[in-house]
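Q: just coords:
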DNA sequence: ATGTAATATTGCAATATTACGATTATAATC
DNA sequence: GATTATAATCGTAATATTGCAATATTACAT
């Protein structure tokens, strides 16, 4: 089947999985790192930087955006994508609470 | 194509993506949480707990194991899977350093 | 309004992932 | 050795992801 049945799992488990998926592709990790380093975050620069086609980058940006990790604004004719730092920090604390809750008793 | 070309990316970027992939499926998140709560971590119990078939659980366990997150030992006739806590903490610190490095200047 | 540059969308092909039934391997116990 | 319980592997189907070419859209010029 290949479909993961999200309704089978609790919200906090799904949250972790959904967040992790954003970082589960190196192109998206690189995009996020690149965006965070720039003062002006313009999509076409990303295409040059990552070495994937413009439609593919656009697709990855949508995944990142759907997760709420982008703040966008217009700068001339170009979009200015910026990292939504507060959302990013939210992800970090969700991950850390998952990591901290998950410790072992056995072995 | 659908294949991500890992050789295109730096090691630290690939590390994050590879780690994230482990957590990118709710079944694996749930398995990890469940294992961490048990004193004796037996595969068949996991099957009952997660509600997926034994082969599917086995497959997920392999993904988790390949990431180095399991320590295994025999307990009677059943395998005892346990969380490799030190590896888990390693993941946490890798993620945190990624999160901490990735902040924004613009917008 | 027309042209141009930047980004989004569509359509499609290749590959990866997820899931399970059937089978096989492994290990403990008889 | 045979039996039984448990986990791994194989084969296969369904779905998701990734990637790009072609096209559409958008915003800003002129």
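A: Looks like it arrived, so ask away. Predicted model, so just to flag it, every value in this text is computed and none were measured.
Q: remind me which helix or strand residue A:81 belongs to.
A: Per DSSP states H and E, residue A:81 falls inside strand A:78-83.
Q: so what touches the next helix or strand after that strand?
A: Later in the chain than strand A:78-83, the nearest helix or strand by DSSP H and E is helix A:85-101. Applying C-beta atoms under 8 Å, 6 or more residues apart in numbering or on different chains, the external contacts of helix A:85-101 come out as A:12, A:15-16, A:19, A:67-69, B:23, B:29, B:33, B:36, B:88-89, B:91-92, B:95-96, B:99, B:102-104. In this view, the C-beta of every residue, glycine as well, is placed from N, C-alpha and C.
Q: please, a ChimeraX command that selects the buried ones among the residues you listed?
A: Applied in ChimeraX, the following selects the buried portion of those according to 16 or more other C-beta atoms under 10 Å in any protein chain shown:
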select /A:15,16,19,67,69 /B:23,29,33,36,88,91,92,95,99,102,104
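Q: checking my notes, residue A:56 in a helix, right?
A: Yes - Residue A:56 forms part of a helix when assessed by DSSP: H, G, I helix; E, B strand; the rest coil.
Q: how about the residue nearest to it when sequence neighbours are not counted, what does it touch?
A: Counting by C-beta to C-beta, 6 or more residues apart in numbering or on different chains, residue A:27 is the residue found nearest to residue A:56 once chain neighbours are left out, at 7.6 Å. Neighbouring residues of residue A:27 by C-beta under 8 Å, 6+ apart: A:50, A:52, A:56-57, A:60, B:4, B:9.
Q: put the buried members of those into a ChimeraX selection.
A: Listed next is the ChimeraX selection for buried residues among those, using 16+ other C-beta under 10 Å:
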select /A:50,52,57,60 /B:9
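Q: among the contacts of residue A:27, show me the least confident.
A: Model confidence across the contacts of residue A:27 bottoms out at residue B:4, which has 59.
Q: how about the helix or strand harbouring the residue nearest to residue A:56, does it reach DNA strand C?
A: Applying DSSP H and E as the criterion places residue A:27 in helix A:26-37. No - using C-beta under 7 Å from any atom of the strand, helix A:26-37 stays clear of DNA strand C, with a minimum separation of 11.4 Å.
Q: quick check, distance from the following helix or strand past that helix to the centre of its chain.
A: Next helix or strand after helix A:26-37 toward the C-terminus (DSSP H and E): helix A:43-50. On the basis of C-alpha atoms, centre = their mean, to the nearest Å, helix A:43-50 sits 17 Å off its chain's mean C-alpha point.
Q: since that was my last question, I'll sign off now.
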